[in-house]
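> Need coordinates for the below:
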Amino acid sequence: MLLVASVLWGTTGTAAAQASNVSPLAMGAASLGLGGLLQALTAVKPLAAARESLRLNRRTVLIGALGIVVYPLAFYSSMRLGGVALGTVISLGTAPLFSGLLERIVDGARLGRRWYSAAFLGICGSSLLGFARASGEQSDAAAVLASCLLGLAAGASYAVYSWATSRLMSAGIERRASVGSVFGLGGLLLMPVLLAAGAPLLDSWQNLAVAAYLALVPMFLGYVLFGMALSKVSASTATTVTLSEPAVAAVLAMGLLGERLGLSGWLGMVLIAAALIALLLRSKSAQPADRELAQALSG
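A predicted model of the protein is given here:
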């Protein structure tokens, strides 16, 4: 389920590039805003049944919803400024690192030498990838830097809402209610952005079709699968398994959009992949907290 979700998410950048004259803010608000509201609408009964538990955990719901708000705005803006390959790889490549930091700070989880090694590889890989884009022909170094910073913000917010959803489920709240509350509130908070910036979506059927695809397929169906998988594993494990998304996005960007990375860019992607693999191995190694949480969520 995580793999299928990752492949669907990997199509978002290339699909968004097919909508002309639409700002990344409008595209982000339409995709995850509408997708989030759909998540809530399909979970009305579980949400009603869990309303008291959600009220007691309202702080976690709000934190997760704020992550939902920041993620698409930063993610689509990062891809617009630096390209689909750069924006996706930075955003998704750093998400597991932020997830580990979050679990260390909030949950007191031990990170270990493998995590720090992965963090070093990830930083080096991200730097090389950014340098490759900044030094390319007709590139704008300031735009690439902004793209990298926005990608980091997207990675952090991705980790935040994944952690919040997992925390709600670990508190005994049913999966659909946990996902529906976080995504529904986040989608509702994105509606003012969509109303303010979304008029170009109505300029053509193609723009409207792109927005509908992003909302219904990657953002709705993809997150349904992600939420189902998250009920079985910890947030750090789930964000690590989605390492296939940047690869899919990069291949589509180069094959369909004509983006080029160069030797240093490819080396950066290899280092980021190595960091993600190291994190994946970490999630499978001796992590008592992760194992206990996974057993509790699956039991």
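> any weak-confidence spans in the stretch 51-200 of the chain?
Applying pLDDT under 70 to the stretch 51-200 of the chain flags the ranges 130, 133-139.
> what about the strands in it?
With DSSP state E, counting those that start in this stretch as the criterion, the stretch 51-200 of the chain has no strands.
> Geometric centre of the protein: which residue is closest?
Tyr158 (4.3 Å; CA atoms, centre = their mean).
> That one contacts Gly93, correct?
No - Tyr158 is not in contact with Gly93 according to CB atoms under 8 Å; the separation is 10.7 Å. Glycine gets a C-beta too; all of them are placed from N, C-alpha and C.
> re earlier: ok, the residue nearest to the centre of the chain - contacts?
Gly67, Tyr71, Ser91, Leu92, Ala95, Phe98, Thr239 (CB atoms under 8 Å, 6 or more residues apart in numbering).
> got it, and Gly180?
By CB under 8 Å, 6+ apart, the contact list for Gly180 reads Gln39, Ala40, Thr42, Ala43, Val44, Pro46, Leu47.
> Relative to Ser53, how far out is it?
Counting by CB to CB, to the nearest Å, the gap from Gly180 to Ser53 is 13 Å.
> Same check on Leu221?
Counting by CB to CB, the gap from Leu221 to Ser53 is 26 Å.
> Please apply the same query to Leu150.
34 Å.
> Between those two, which is the more surrounded one?
Leu150 (25 against 17; other CB atoms under 10 Å).
> ok, that one to Lys232 distance?
For Leu150, the distance to Lys232 - CB to CB - is 31 Å.
> again, but for Leu66
With CB to CB as the criterion, Leu66 and Lys232 are 25 Å apart.
> tell me the helices in the stretch 151-299 of the chain, going along the chain?
All helices of the stretch 151-299 of the chain, identified by DSSP state H, counting those that start in this stretch, fall at 175-197, 205-216, 222-230, 235-241, 244-256, 262-284, 288-298.
> want to throw the ones you listed into CSV with distance to Gly122?
Shown next, in CSV, are these (distance: least, CB to CB, whole Å):
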stretch, distance to Gly122
helix 175-197, 26
helix 205-216, 27
helix 222-230, 21
helix 235-241, 12
helix 244-256, 12
helix 262-284, 4
helix 288-298, 20
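> Return the most buried member of those helices.
The highest average neighbour count among these, using mean count of other CB atoms under 10 Å, belongs to helix 235-241 at a mean of 27.
> lowest-confidence stretch among the helices of the stretch 151-299 of the chain?
Of all the helices of the stretch 151-299 of the chain, the minimum mean pLDDT falls on helix 288-298 (a mean of 35).
> Which of the helices of the stretch 151-299 of the chain sits closest to Ala142?
Of all those, it is helix 262-284 that lies closest to Ala142, at 18.3 Å by CB to CB.
> How far off centre is that closest one?
Chain-centre distance of helix 262-284: 17 Å, with CA atoms, centre = their mean, to the nearest Å.
> helices and strands around it, which ones?
Counting contacts by 3 or more CB pairs under 8 Å, 6 or more residues apart in numbering; DSSP states H and E, helix 262-284 packs against helix 84-107, helix 112-134, helix 235-241, helix 244-256.
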